[in-house]
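K.L.:
Pasting the sequence and the predicted coordinates here, then a few questions.
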Amino acid sequence: MYQVLYRKYRPQVFSDVYGQDHVTSTLQNEINQNRISHAYLFTGSRGTGKTTCAKILAKAVNCENPQNGEPCNECEVCKGLDSGSIYDVVEIDAASNNGVDNIRDLREEANYTPTRGKYRVYIIDEVHMLSAGAFNALLKTLEEPPAHVIFILATTEVHKLPATILSRCQRFDFKRIQPETMAKRLNQVSELEGINLDDDAAVLIARIADGALRDGLSILDQCASRSKNVTSELVSEVAGLAGKEALFRLSQCIAERKTNDAVNIISELYQNSFDMERLCAEMINHFRNFLIVKTVNKSRELIICTDNEYENILAGAKSFTLEGIIYAIDLLQQTFIEIKKGASARIEVEMAFVRLCNPKTEETVKAALQRISELERTVKSGSFVKNEAPEEAEQEKEEAPAVFIKDEEAKPVKEPIPEPEPPEDTPQLQEEKQEEPEPAPKPSETPAPQAQNDVSNQFEFMQWGEFMEVLHREDIALFGVLSGAKGFIRGEYFLIDSPNATVRDFIKIPTHAKAVKKALYEVTDKQFKLGLFKRKDNTQAKRDPLEDLIAQAQGKINIDVK
C-alpha cells in the first residue's frame, strides 16, 4: 500500500525535526541529564511537529541505548514502539475520548507498570477538547502521577486549557515553520522521491502551507501524482489558486477603476474552477505585500516570493496609497468572513471588487479616507484625470464653464523679454497682463500655444513648498526673491505670481531660470516654460501681517534688524 509523504518521511529523531530547534535541544538536554518531567504540554499550529516530537520523546525515554538524547531506533524497544508490538506508549484522541469515564479508565491503567520499557507514556492529542469534568478528573493524576508515567499533552488551542492544567506541565511552544526552512525540506524529499521540484514551486507550496510542513508535503504529494516535474503553474492548478498574473491584473483594475475588466477576470477564473474563497484569501495576501512594501524598509525579508515577483510587487504598490491598501484589505477580509458564513462566494467577491473600483459607492469612513488620500495624491502630482466613461466625460466637458482666476487674469505680452545666449538652454519667458487684448499673430510670427491662453486650463501650483525646498538648495538668492510668491500652471507654462518687482530681472538671468526649471522638473517630473503674472491694479500683494507686527515692534524698541 502506498504511504503518503508526510507519513513516509516523518522524523524519527530530534535532529530530523525542521524549524523547532528551541524545543528539540531542550528535550535532548533533559534526557541527557536525566531530568525528565512527568508532564509536557506541546502547543502550536497544525503541522508543526507536536505529535512527531511527542513520539520521539516517548521512544527516547524508553530507549535502551540513547545517543546524545536521541533514540537509537535499533534496539528492541524502539523497533517495538515503531511497529506497535509494545504498548507502553498510548496515543489518545481527546476529540473522541473527552468524557469523564475515559479519563477514569486512563487513571486506572496508569497504575500498571510498563511491560517492556522504563515508562508508560500517554500522548493526549487535541487535549483542549476534554470536557470540564474530564479536566477535573485528570488534575490529581497529572500533578502526582506514578513514577513510571509521563503525560504529553498536545493542542492547537492552548487558550482553552484551564490554568490548573497549564501550571502542572512544562510548556513548549511550536513555531510556524519558516518558508525557507520548509522549501529546503521539500527539496530534500523531492530528491529522495525522484521529483523535479522548481524553486518557485517550492516557495509557492511553502506560502500555501502557511507554516505547516504536513500541509506542504501533502501538496507536494498531490502535485507529484500529476507530474514528476512540479512547477509553480502546476501547484497553482492543484491548489486551486488564481495565478500571480491574475492577482496583479485584478489589483491594476482596482487602481485604474476598471470595474468591467475586474468582473470579467473574476468570471474567467470562476469558469476555470478557481475557488472564490481562495481567490479572496490570495488577494488579501497580495495587498498585504503592498502594505509591507509601503511601510517596512527591509520589506524583501517579510515577503515570500521570487525576485521577479518582488519587482512586480514594488511596481504595483506605487499605484496605491497606504489608505487605499488598508481599505482594500479591510473590505476583502469582510468579504472572506461573509463567504465563511455561507454567502455566495462568487457574488460576494464580485461585489467587493465593484466597491474597490468605485469607492464613491461606499459611505463608510474608511472609504471616505481612501478617496481623500487619492485626491491628495492627485493634487500633489499635478495631474488631473477623469475616470468617468468617455460619453459622460465629453458631456461634462461641454457643459462645464471655464475657470478664471479673479483679478489675476493673464495674457502674454506683445514683445518677448530678451534673453542672453545661448538661446537653446534659456527658458522662454512670457509676462502676463490683463489690460491689453492679445493681438492676432502676424503671418511671419509663430503663434503661441493654445494652452497658454486657455484660462480654463489654469490652476494653482500646489507643490510650491516642495519647489521652494529644492530651490533653496539650488539657488539661495532666487529663493529669497521668491519668498512670499506662488505659482500657477497653465498648459505648458509655469506662471510666477510675486509681489517682488525684482523677480522679472532675476528670471531674465539664465542661471536663475535654469534653477527654476530644474527645481520644477525635480518636483513634478515635467518640463515647463516660464511666465510672469502682472496684477491688474499694478499694486503689490498684501503684506504679511507678521511683517507689519515686526515693523511695529522695531519702531517701539528702536532696533534695526538686518
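P.N.:
Thanks, I have the structure now.
K.L.:
Where does pLDDT dip in the stretch 201-350 of the chain?
P.N.:
240-242, 306 (pLDDT under 70).
K.L.:
Do a quick rundown of the helices in it.
P.N.:
Using DSSP state H, counting those that start in this stretch, the helices found in the stretch 201-350 of the chain span residues 213-226, 232-239, 244-255, 259-271, 276-295, 307-317, 322-340, 345-357.
K.L.:
For the longest one, name the packing helices and strands.
P.N.:
Helix 276-295 is packed against helix 244-255, helix 259-271, helix 307-317, helix 322-340, helix 345-357, with contacts defined by 3 or more C-beta pairs under 8 Å, 6 or more residues apart in numbering; DSSP states H and E. All C-beta atoms are positioned from the backbone trio N, CA, C, and that covers glycine.
K.L.:
and of the ones you listed, who's closest to Val121?
P.N.:
helix 322-340 (38.2 Å; C-beta to C-beta).
K.L.:
Val296: neighbouring residues, count only.
P.N.:
Other residues within reach of Val296, judged by other C-beta atoms under 10 Å, total 12.
K.L.:
how about the helices of the stretch 201-350 of the chain in a markdown table, adding distance to Gln527 and mean neighbour count?
P.N.:
Formatted as a markdown table, these follow (distance: least, C-beta to C-beta, whole Å; neighbours: other C-beta atoms under 10 Å):
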| stretch | distance to Gln527 | mean neighbour count |
| --- | --- | --- |
| helix 213-226 | 53 | 20 |
| helix 232-239 | 43 | 18 |
| helix 244-255 | 26 | 19 |
| helix 259-271 | 33 | 16 |
| helix 276-295 | 29 | 20 |
| helix 307-317 | 24 | 15 |
| helix 322-340 | 29 | 19 |
| helix 345-357 | 33 | 20 |
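K.L.:
re earlier: any chance of the helices and strands packed on helix 276-295 in a markdown table, plus distance to Gly194?
P.N.:
Listed next are the helices and strands packed on helix 276-295 as a markdown table, based on distance: least, C-beta to C-beta, whole Å:
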| stretch | distance to Gly194 |
| --- | --- |
| helix 244-255 | 28 |
| helix 259-271 | 33 |
| helix 307-317 | 28 |
| helix 322-340 | 38 |
| helix 345-357 | 38 |
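K.L.:
on that earlier part again, and the helices of the stretch 201-350 of the chain: which comes nearest Pro146?
P.N.:
Going by C-beta to C-beta, the one of the helices of the stretch 201-350 of the chain nearest Pro146 is helix 213-226, 33.3 Å.
K.L.:
Give me the residues contacting the closest one.
P.N.:
Contact with helix 213-226 is made by 4-6, 9, 18-19, 46-49, 177, 182, 185-186, 189-190, 193, 195, 197, 201, 205-206, 208-209, 230, 234-235, 238-239, as judged by C-beta atoms under 8 Å, 6 or more residues apart in numbering.
K.L.:
So what's the residue count around Gln170?
P.N.:
Count around Gln170 with other C-beta under 10 Å applied: 15.
K.L.:
for Phe494, same thing?
P.N.:
Neighbour tally, Phe494, other C-beta under 10 Å: 22.
K.L.:
Use 356 as the first number for this chain going forward.
P.N.:
Yes, from this point I'll number from 356; that puts the last item at Phe849.
K.L.:
doesn't it fall inside a strand?
P.N.:
Yes. With DSSP: H, G, I helix; E, B strand; the rest coil as the criterion, Phe849 is part of a strand.
K.L.:
Not counting its neighbours along the chain, what's nearest it?
P.N.:
Closest residue to Phe849 apart from its sequence neighbours, by C-beta to C-beta, 6 or more residues apart in numbering: Phe883 at 3.9 Å.
K.L.:
so that neighbour makes contact with Glu847?
P.N.:
Yes. Counting by C-beta atoms under 8 Å, Glu847 is a contact partner of Phe883 at 6.4 Å.
K.L.:
Comparing those two, which residue is more hemmed in?
P.N.:
Phe883 (20 against 15).
K.L.:
which helices and strands does the helix or strand hosting Leu497 pack with?
P.N.:
Under the criterion of DSSP states H and E, Leu497 resides in helix 487-498. Judged by 3+ C-beta pairs under 8 Å, 6+ apart, helix 487-498 is in contact with helix 455-465, helix 518-521.
K.L.:
chain center to stretch 621-630, what's the gap?
P.N.:
Relative to its parent chain, stretch 621-630 has a centroid offset of 24 Å by C-alpha atoms, centre = their mean, to the nearest Å.
K.L.:
how long is it end to end?
P.N.:
Length of stretch 621-630, first residue to last, C-alpha to C-alpha, to the nearest Å: 10 Å.
K.L.:
Likewise for stretch 419-435?
P.N.:
End-to-end distance of stretch 419-435 (C-alpha to C-alpha): 12 Å.
K.L.:
can you give me how far that stretch is from the chain middle?
P.N.:
47 Å.
K.L.:
average model confidence for that stretch?
P.N.:
In this model, stretch 419-435 has an average pLDDT of 90.
K.L.:
Can you give the contact residues for that stretch?
P.N.:
Residues contacting stretch 419-435 (C-beta under 8 Å, 6+ apart): 367-370, 382-387, 411, 414-415, 417-418, 437, 441, 471-472.
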